[in-house]
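Novice: here is my input; please provide its structure:
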Amino acid sequence: MSEPVVALPTYEDLCRYIRRTLCEQDALDYEQTPFFQTPIFRRGRPWGVVFHVEGPRLLKTSAVWASNDERVVFYNSLGQRTREVQLQESPAASVGLGAA
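Specialist: You can find the predicted model right below:
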């Protein structure tokens, strides 16, 4: 099975796509579901971001944006990989990762 390929040129586009996908995965309301982002660093350099949404009954699903690999991997609340998306176009690694 091949990975879907999407173009998300800005950090805002990336966040919107990830939030919508995470919410759809568990039928959560996009507007009401809390959305969190945590930058990941490797050897002091920006590497990616962990995103997660929190739903009722301690439900928590997540996605990891690996900026250098230009891909996003989605996980369910059990930590199982559910989907992987290749990015045709994505923001610069430093955008949204706490670097200038």
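
Novice: is it true that residue 39 touches residue 64?
Specialist: No. Using CB atoms under 8 Å, residue 39 is not in contact with residue 64; the gap is 11.3 Å. Every residue, glycine included, has its C-beta placed from N, CA and C.

Novice: show me which of the two is the more surrounded one.
Specialist: Neighbour count, other CB atoms under 10 Å: between residue 39 and residue 64, residue 64 has more, with 21 against 14.

Novice: how about the more buried one, what does it touch?
Specialist: Applying CB atoms under 8 Å, 6 or more residues apart in numbering to residue 64 gives the contacts 40, 48, 49, 50, 51, 72, 73, 75.

Novice: how does it look with 6 Å?
Specialist: 50, 73 (CB atoms under 6 Å, 6 or more residues apart in numbering).

Novice: distance check, it against residue 22.
Specialist: Separation of residue 64 from residue 22 (CB to CB, to the nearest Å): 12 Å.

Novice: just residue 38 next, same as before
Specialist: Noted for residue 38: a distance of 14 Å to residue 22, by CB to CB.

Novice: between the two, which one's more packed in?
Specialist: More crowded of residue 38 and residue 22, by other CB under 10 Å: residue 22, with 26 against 11.
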